[in-house]
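Here is my input; please provide its structure:
(2 chains)
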Protein chains: 2
Amino acid sequence: MAHPYYPKTLSIPNYVANEGSVTELLGIFFSIVLLILGAFWFYTGRRCSFLMATRVKLCWFFVCGFIHIILEGYFSLYHRSLVEKMTYLAQMWKEYGKGDSRYVTSDTCIVIIESITAVVDGPLCFLTVFSFLSGNSYRYILQLIVSTCQLYGDTMYFLTEFKEDFIHSEFGHPLHFWFYMVILNSFWIIIPLIMIIDSCVNLSQSQDKCDKMIDKKEKTNKGKKKNKTF
Amino acid sequence: MAHPYYPKTLSIPNYVANEGSVTELLGIFFSIVLLILGAFWFYTGRRCSFLMATRVKLCWFFVCGFIHIILEGYFSLYHRSLVEKMTYLAQMWKEYGKGDSRYVTSDTCIVIIESITAVVDGPLCFLTVFSFLSGNSYRYILQLIVSTCQLYGDTMYFLTEFKEDFIHSEFGHPLHFWFYMVILNSFWIIIPLIMIIDSCVNLSQSQDKCDKMIDKKEKTNKGKKKNKTF
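The predicted model follows:
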């Protein structure tokens, strides 16, 4: 049976080619992403007095929440029968599979990474957004945990493919290899790294202030005790 | 070629049986672990005024650092030729492989998990210990990052084996399945979970105090401004 996946020796007996064109599939996806980003950008601008950097950050986690739960959640539920399905999300994964055929062969490592992303990272993204909107003291902690998980998952993704010599796509193909696999996934390496640094700096500043406050109190108490003794 | 690994159909052509007995191999390993734990417990007791819980925590990270860098580092470097080697560490991995044959077949997912553990988690464990000993404001942040990585890695380990129906060991074998795979790995699920909760509680308390301090300052400033205006 002919299929567009690599390596060419791969057997995918139930494969049915997509009905939608690449432009249609990607067009719908990026339009929805832009719509969510735009709506949430507008919402954070009206509702709160956040810095621009914080609004960008919240938009990132908000759109990540949707991608993780809906797109990656769909994959973790239907990875076994994706290749024969014709739903929009199945077509998206069949298209993405051209950049990494592990997505159309239910590769164990990929299925588990994506399932963790959908079940853990997704809800944590929304919880991070909610904690920032409500000024909760867990906001930077959640940002740190979810970004560490995203970075770990995507590092696993890249390194497992690197160890297998990038055999699951046409190496160097501008759309399938470079855009789908390298560029799109690089977002979840670079941005989580920035988010980890940002939360580390903020949490460490708070910890430092508290440590100094405790030190000051201890010194004052010691001073009082001394005054009592002498 | 006969070998003790599962599934029995596995072809491991270069396999050479261990010279050391199970008692010898495990005896040496747990003696070294106990020695490191004992020495570091003694050191933290003499040098600092830590709570007992903090000393237990530091011992955990200290011994984890050694295990990650030496034991798992060895695996990530020599996984391809383990089955024919007779060094102590190779024999340890050949023995452990009886509970999970992915370790003697250079399974991609396992090699990457173990490499990340050796290269990232290992040094981070020592950095966490150092930051607690020096009272650095990054101490709970490092504890949170390294524990999240440990939890992610071990969750991947268990879930990938679960997805493959535990075919890589003799299901239910008391030593190979229960002790090597389930019990030993459970440590890196349960303890990181406790460490994550512990660091979350501590970081959140610091963040909360700082937030209140900032709120108080802002209110005072507003009050001053009002007094000026009226």
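
Which elements pack onto the least confident helix or strand in chain A by mean pLDDT?
The helix or strand of chain A with the poorest confidence is helix A:184-229; it has a mean of 87 (mean pLDDT, DSSP states H and E). When contacts are defined as 3 or more Cβ pairs under 8 Å, 6 or more residues apart in numbering or on different chains; DSSP states H and E, helix A:184-229 packs onto helix A:52-66, helix A:139-163, helix B:139-163, helix B:184-229. Placement of C-beta: from N, CA and C, glycine included.

what about 7 Å?
helix A:139-163, helix B:139-163, helix B:184-229 (3 or more Cβ pairs under 7 Å, 6 or more residues apart in numbering or on different chains; DSSP states H and E).

Not counting its neighbours along the chain, what's nearest A:W60?
Leaving aside its chain neighbours, A:W60 sits nearest to A:I191 (6.2 Å; criterion: Cβ to Cβ, 6 or more residues apart in numbering or on different chains).

right, I mislabeled it, should have said A:E72
Per Cβ to Cβ, 6+ apart, closest to A:E72 is A:A118, 4.4 Å.

give me the number of residues near that neighbour?
By other Cβ atoms under 10 Å in any protein chain shown, the residues close to A:A118 number 21.

Is it part of a helix or strand, or is it coil?
The assignment at A:A118 comes out as helix when based on DSSP: H, G, I helix; E, B strand; the rest coil.

ok, now which ones touch it?
For A:A118, the contact set (Cβ atoms under 7 Å, 6 or more residues apart in numbering or on different chains) comprises A:68-69, A:72-73, A:76.

and the end-to-end length of stretch A:112-126?
Stretch A:112-126 has an end-to-end distance of 21 Å (criterion: Cα to Cα, to the nearest Å).

so how far is that stretch from its chain's centroid?
Taking the mean of its C-alpha atoms, stretch A:112-126 sits 8 Å from the chain's own mean (Cα atoms, centre = their mean, to the nearest Å).

Could you pull out the buried residues of that stretch?
Of the residues in stretch A:112-126, A:112-118, A:120-122, A:124-126 count as buried by neighbour count, 16 or more other Cβ atoms under 10 Å in any protein chain shown.

can I get those in a markdown table with distance to B:N14?
Output for these, formatted as a markdown table (distance: Cβ to Cβ, whole Å):
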| residue | distance to B:N14 |
| --- | --- |
| A:I112 | 29 |
| A:I113 | 31 |
| A:E114 | 34 |
| A:S115 | 35 |
| A:I116 | 34 |
| A:T117 | 37 |
| A:A118 | 40 |
| A:V120 | 39 |
| A:D121 | 40 |
| A:G122 | 43 |
| A:L124 | 44 |
| A:C125 | 46 |
| A:F126 | 50 |
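
Count residues in the vicinity of the closest residue to A:V120 other than its chain neighbours, would you?
Nearest non-adjacent residue to A:V120, counting by Cβ to Cβ, 6+ apart: A:C149, 6.1 Å away. Applying other Cβ under 10 Å, we find 23 residues neighbouring A:C149.

close enough to count as contact, A:C149 and A:D121?
Yes - taking contacts as Cβ atoms under 7 Å, A:C149 lies within contact range of A:D121: 5.1 Å.

what's the distance between A:T220 and A:M213?
According to Cβ to Cβ, to the nearest Å, A:T220 stands 11 Å off from A:M213.

Looking at these two, which is more packed in?
Between A:T220 and A:M213, counting by other Cβ under 10 Å, A:M213 is the more crowded of the two (14 against 10).

how about the nearest residue to that one, chain neighbours excluded?
B:K209 is the one closest to A:M213 (Cβ to Cβ, 6+ apart), at 7.1 Å.

picking that back up, could you export the helices and strands packed on helix A:184-229 to TSV, including columns for distance to A:L89?
Compiled in TSV, the helices and strands packed on helix A:184-229 are given as follows (distance: least, Cβ to Cβ, whole Å):
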stretch	distance to A:L89
helix A:139-163	19
helix B:139-163	21
helix B:184-229	31
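
what's the closest of these to A:Q91?
When the helices and strands packed on helix A:184-229 are compared by Cβ to Cβ, helix A:139-163 sits nearest A:Q91, at 21.4 Å.

and the angle from that closest one to helix B:139-163?
50 degrees (axes from the mean of the first three to the mean of the last three Cα atoms, to 10 degrees).

Was I right to think the residue nearest to A:W60 contacts A:C59?
No - between A:I191 and A:C59 there is no contact under Cβ under 7 Å: 11.2 Å.

Point me to the residue sitting closest to the centre of chain A.
With distances taken as Cα atoms, centre = their mean, A:Q150 lies nearest the centre of chain A, 4.9 Å away.

so what's the nearest residue to that residue once chain neighbours are set aside up against?
Spatial nearest neighbour of A:Q150, excluding adjacent residues (Cβ to Cβ, 6+ apart): A:P192 at 4.3 Å. Neighbouring residues of A:P192 by Cβ under 7 Å, 6+ apart: A:147, A:150-151.

quick one: which of those residues is nearest B:L89?
A:L151 (28.9 Å).

What is the neighbour count of that closest one?
Counted with other Cβ under 10 Å, A:L151 comes out at 23.

distance of it from B:G153?
Counting by Cβ to Cβ, the gap from A:L151 to B:G153 is 13 Å.

same deal with A:N18?
With Cβ to Cβ as the criterion, A:N18 and B:G153 are 35 Å apart.

and the two? which has more neighbours close in?
A side-by-side neighbour count of A:N18 and B:G153, using other Cβ under 10 Å, places B:G153 first with 23 against 16.

May I ask you to confirm that the more buried one is in contact with B:S115?
No - B:G153 is beyond contact range of B:S115, at 10.2 Å (criterion: Cβ under 7 Å).

quick check: angle from the least confident helix or strand of chain A to helix A:52-66?
Going by the same axes, to 10 degrees, helix A:184-229 makes 120 degrees with helix A:52-66.

quick check, distance from stretch A:21-40 to the centre of its chain.
Distance, centroid of stretch A:21-40 to centroid of chain: 17 Å (Cα atoms, centre = their mean).

For it, which residues meet the burial criterion?
By neighbour count on 16+ other Cβ under 10 Å, the buried set for stretch A:21-40 is A:25-26, A:29, A:36, A:40.

Now pLDDT and distance to A:K94 too, for those, in JSON lines please.
Formatted as JSON lines, the buried residues of stretch A:21-40 follow (pLDDT from 0 to 100; distance: Cβ to Cβ, whole Å):
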{"residue": "A:L25", "pLDDT": "96", "distance to A:K94": "9"}
{"residue": "A:L26", "pLDDT": "96", "distance to A:K94": "13"}
{"residue": "A:F29", "pLDDT": "96", "distance to A:K94": "13"}
{"residue": "A:I36", "pLDDT": "96", "distance to A:K94": "23"}
{"residue": "A:F40", "pLDDT": "94", "distance to A:K94": "29"}
